[in-house]
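K.L.:
One predicted model, sequence on top.
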Amino acid sequence: MTWIRTFLTVSCLLPLLEAQQQCTQHIRWGSLLQALMSMGSGISEGCVQHYNKDSLCDPAHMLNQVELNAELLVDIMKKTESIYRKNPSPQDFIQGLQHTCHILTPCAPHPHHAGHESVATCFNKLESFIHQKMSHTSCAWEIVNVTVRELLQRLEKRTFRRHH
């Protein structure tokens with residue numbers, strides 16, 4: 001009886017996983033990363049003193065705490081868009097995030113889910129960091145850009161790995 005339940009559960013989940021994989025194949029990671037790079041490619045020498053890894057989100061740690069799925073990706077894209085709306089010049093990046101959400105939303109079984117705690121914690125740290133560095137906003141954005149770029153690169157690698 002247990003084997004039958006397990007088989008039924010797995011057979012119900014397989015189409016959902018397959019659909020999520022198909023959705024993630026259509027994400028334009030390169031475009032997102034290129035738009036982010038256009039806002040800055042690293043932390044300038046003058047801003048290094050403001051970089052405190054302990055007060056920031058660690059993308060590797062956050063992603064190790066969650067299962068990669070369309071719902072999680074939608075949550076990350078929306079939180080990234082929210083934080084970048086405070087940046088003076090991210091229009092291409094925001095459009096890329098919105099496009100990615102548009103692709104992923106049909107694959108997210110619970111699009112109105114409350115969110116993932118580790119994602120919320122990560123982005124709360126980033127928002128807090130920006131707020132604390134108000135007198136050095138350009139440095140704060142350089143540092144946030146580097147953190148978000150690492151997050152997107154890790155997501156790209158994880159989704160690419162799932163397809164092969």
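P.N.:
Yep, that arrived.

K.L.:
can you give me the helices for the protein?
P.N.:
Along the chain, counting by DSSP state H, helices occupy 2-25, 29-37, 59-64, 70-84, 91-104, 117-132, 137-163.

K.L.:
could those helices go into TSV alongside distance to residue 44 and mean pLDDT?
P.N.:
Placement of C-beta: from N, CA and C, glycine included. Below are the helices of the chain laid out as TSV (distance: least, Cβ to Cβ, whole Å; pLDDT from 0 to 100):
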stretch	distance to residue 44	mean pLDDT
helix 2-25	33	48
helix 29-37	14	88
helix 59-64	21	88
helix 70-84	19	89
helix 91-104	19	88
helix 117-132	17	90
helix 137-163	6	85
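
K.L.:
In contact with the nearest residue to residue 59 once chain neighbours are set aside, which residues are there?
P.N.:
Distances taken as Cβ to Cβ, 6 or more residues apart in numbering place residue 151 nearest to residue 59, at 3.9 Å, with adjacent residues excluded. Contact partners of residue 151, counting by Cβ atoms under 8 Å, 6 or more residues apart in numbering, are 57, 59, 62, 63, 76, 80, 122.

K.L.:
Distance-wise, check residue 151 relative to residue 135.
P.N.:
As judged by Cβ to Cβ, to the nearest Å, residue 151 and residue 135 stand 26 Å apart.

K.L.:
Check residue 155 too.
P.N.:
Shown here: residue 155 relative to residue 135, a distance of 32 Å by Cβ to Cβ.

K.L.:
And residue 129, by the same measure?
P.N.:
Using Cβ to Cβ, we find residue 129 at a distance of 13 Å from residue 135.

K.L.:
can you pull the contacts of the residue nearest the centre of the chain?
P.N.:
In the chain, the C-alpha nearest the mean C-alpha coordinate belongs to residue 76, at 3.8 Å (Cα atoms, centre = their mean). Residue 76 makes contacts with 119, 151, 155, as judged by Cβ under 8 Å, 6+ apart.
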